[in-house]
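S.K.: Structure for the following, please:
(chains A, B, C and D)
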There are 2 protein chains.
Amino acid sequence: MRLVIARCSVDYVGRLTAHLPLATRLLMIKADGSVLVHSDGGSYKPLNWMSPPCVLREDEGVWTVTNKAGEQLLITIEEVLSDVSADLGVDPGLVKDGVEAHLQALLAQHCEKLGEGFRLVRREYPTDIGPVDLLCRDADGQAVAIEIKRRGEIDGVEQLARYVERLDRDPLLRPVRGMFVAQEIKPQAKVLAGDRGIVCIEVDYDELRGIDTSADRLF
Amino acid sequence: MRLVIARCSVDYVGRLTAHLPLATRLLMIKADGSVLVHSDGGSYKPLNWMSPPCVLREDEGVWTVTNKAGEQLLITIEEVLSDVSADLGVDPGLVKDGVEAHLQALLAQHCEKLGEGFRLVRREYPTDIGPVDLLCRDADGQAVAIEIKRRGEIDGVEQLARYVERLDRDPLLRPVRGMFVAQEIKPQAKVLAGDRGIVCIEVDYDELRGIDTSADRLF
DNA sequence: TTGTTGATTTCGCAA
DNA sequence: TTGCGAAGTCAACAA
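M.R.: So this is what the prediction gives:
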């Protein structure tokens, strides 16, 4: 990795065109040739960048970064204030825990938490407009399509409503009801769900994880 | 801005928990206190980070970054390989040039590209749930409501369906048909559009831009 | 302040 | 490879 602090202006021509006027910025050049232009603030997103794979050509006062699609990042360098390099090696990578996939896995395993007598038919039950997270049968044997989100918003309800509409056309499933499950459901989503005849359930991730852990610890 | 290259391990506890094993990485500390942990590859997204506003506490071999919500980034530093600082000042910021707006302008000017004999009634035709991008009349004089997106997804189809439903209540327009226009339309959006009786058209932005340019150059 | 929408989204998984 | 949904999405903009 190479880190250059320089007074520069930057132009991007590709999926859009964008321009950065002359100012002092950090230019980060990674081992794969990708370039990031960072200012001293804002978020983790650079002001401008070129994603790998791409090629950096360094001319007198002008850097040209080009990718396969022909998109270009033009960096005009007025003055270099600092220029350091280091060999970082390959990163072992991030280990995550606590995202939607976990929630879905936990609920698939403990679907009785969603309603007494619930039995799982399958996860990722396919429809022709995409898979629904869980398909269950309730205590009466009626089909229940379940959409799981970390945070329940209006889109998720619409999405589930479409799934239910599709699944309800299947004579082997009909009648199908919908259940919207999330750690937290926004009021507007609840209203729309009510309109669509969809039940909303808010679940506690830590509690579910606890159940799972305690079940493991029985042995 | 301060740039530290160090052998370190990183733990994040907040909206999720995540761990980075010991490796050499770049730690970027911005003027607003935010911290980014970058590896020498991947995209512009850091391996881990803390967004501002947040506070960095530096102890012997351990950095603790905390934000208002109580989320924490713990950086355990084994060895510092480089440590440079620079004053970058405030960045004047990015100047963008949009694609979707341009696409709408081009199609308003060349709506015959959407169907033979099409005439523009107006851009941003108002309804009580928001303006539809274009309203046209086809060769037979029938009203056509047109929604333009850069990329056509399922939400856009729903949006257009709502517009068509509203406009169709107007006796001066009825019957109104819908047309969904984008550079690229996803298969699922096409399926839903078919269901809703909406026509899908994929247009070539570069070609349209070319027509426009050549038309300009007649003079 | 809160909600909604777009992104040069990026990222990960599965067909 | 492509498609699709999630993201610690982030960030801009409107209400």
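
S.K.: gap between A:Asp91 and chain B?
M.R.: Using C-beta to the nearest C-beta, to the nearest Å, A:Asp91 is found at 4 Å from chain B. For the C-beta atoms, the positions are set from N, CA and C on the backbone; glycine is no exception.

S.K.: Just confirm that residue contacts B:Val37, I think it does.
M.R.: No - when contacts are counted by C-beta atoms under 8 Å, A:Asp91 is not listed as touching B:Val37 (9.7 Å).

S.K.: Next up, the contacts around the residue of chain A most remote from its centre.
M.R.: Distance from the C-alpha centroid of chain A, by C-alpha atoms, centre = their mean, peaks at A:Glu60 (40.4 Å). Counting by C-beta atoms under 8 Å, 6 or more residues apart in numbering or on different chains, A:Glu60 touches no other residue.

S.K.: just to revisit the earlier point, neighbour count: A:Asp91 and B:Val37, which is higher?
M.R.: More neighbours surround B:Val37 than the other of A:Asp91 and B:Val37, with 24 against 18 (other C-beta atoms under 10 Å in any protein chain shown).

S.K.: all helices of chain A, in order?
M.R.: With DSSP state H as the definition, chain A shows helices at residue ranges A:100-109, A:154-167, A:187-195, A:205-216.

S.K.: neighbours around A:Val144, how many?
M.R.: For A:Val144, using other C-beta under 10 Å, the count is 24.

S.K.: What residue, apart from its backbone neighbours, is nearest it spatially?
M.R.: Of all residues not flanking A:Val144 in the chain, A:Cys136 sits nearest, at 4.6 Å (C-beta to C-beta, 6 or more residues apart in numbering or on different chains).

S.K.: Any regions of chain A where pLDDT drops low?
M.R.: For chain A, the stretches flagged by pLDDT under 70 are A:98, A:212-219.

S.K.: one more time with 80
M.R.: Scanning chain A for pLDDT under 80 picks out A:15-17, A:42, A:97-101, A:128-130, A:187-188, A:205-219.

S.K.: What residue spans form the domains of it?
M.R.: Following automatic domain parsing, chain A resolves into domains at A:2-85, A:100-216.

S.K.: could you redo these as a markdown table and give each row distance to B:Asp83?
M.R.: Conversion of the domains of chain A to a markdown table gives the following (distance: least, C-beta to C-beta, whole Å):
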| stretch | distance to B:Asp83 |
| --- | --- |
| domain A:2-85 | 10 |
| domain A:100-216 | 38 |
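
S.K.: of these, which approaches B:Glu71 most closely?
M.R.: Distance to B:Glu71, taken as C-beta to C-beta, is lowest for domain A:2-85 among these, at 14.1 Å.

S.K.: what about that closest one, near DNA strand D?
M.R.: Yes - contact of domain A:2-85 with DNA strand D (C-beta under 7 Å from any atom of the strand) involves A:Gly42, A:Ser43, A:Tyr44, A:Lys45.

S.K.: With stretch A:89-98 instead?
M.R.: Yes - using C-beta under 7 Å from any atom of the strand, stretch A:89-98 reaches DNA strand D at A:Lys96.

S.K.: re earlier: and the residue nearest to A:Val144, bridged to which residues?
M.R.: A:Leu120, A:Val144 (DSSP bridges).

S.K.: so it sits right up against A:Phe118, yeah?
M.R.: Yes - counting by C-beta under 8 Å, A:Cys136 does reach A:Phe118; the two are 4.8 Å apart.

S.K.: Give me the common contacts of these two.
M.R.: A:Cys111, A:Val144.

S.K.: neighbour count winner among the two?
M.R.: Using other C-beta under 10 Å, the more surrounded residue of A:Cys136 and A:Phe118 is A:Cys136, with 23 against 19.

S.K.: Against B:Pro52, how distant is that one?
M.R.: Per C-beta to C-beta, to the nearest Å, A:Cys136 is found 43 Å from B:Pro52.

S.K.: what does A:Val13 give?
M.R.: Counting by C-beta to C-beta, the gap from A:Val13 to B:Pro52 is 30 Å.

S.K.: Same check on A:Ala182?
M.R.: Distance of A:Ala182 to B:Pro52, given as C-beta to C-beta: 28 Å.

S.K.: The two: which has the busier surroundings?
M.R.: Each of A:Ala182 and B:Pro52 has its neighbours counted (other C-beta under 10 Å); A:Ala182 has more, 21 against 15.

S.K.: how about the closest residue to the more buried one other than its chain neighbours, what does it touch?
M.R.: Leaving aside its chain neighbours, A:Ala182 sits nearest to A:Gly152 (3.3 Å; criterion: C-beta to C-beta, 6+ apart). For A:Gly152, the contact set (C-beta under 8 Å, 6+ apart) comprises A:Phe180, A:Val181, A:Ala182, A:Glu184, A:Ile185, A:Lys186, A:Ala189, A:Cys200, A:Glu202.

S.K.: just to revisit the earlier point, now mean neighbour count too, for the helices of chain A, in a markdown table please.
M.R.: Converted to a markdown table, those look like this (neighbours: other C-beta atoms under 10 Å in any protein chain shown):
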| stretch | mean neighbour count |
| --- | --- |
| helix A:100-109 | 17 |
| helix A:154-167 | 20 |
| helix A:187-195 | 15 |
| helix A:205-216 | 12 |
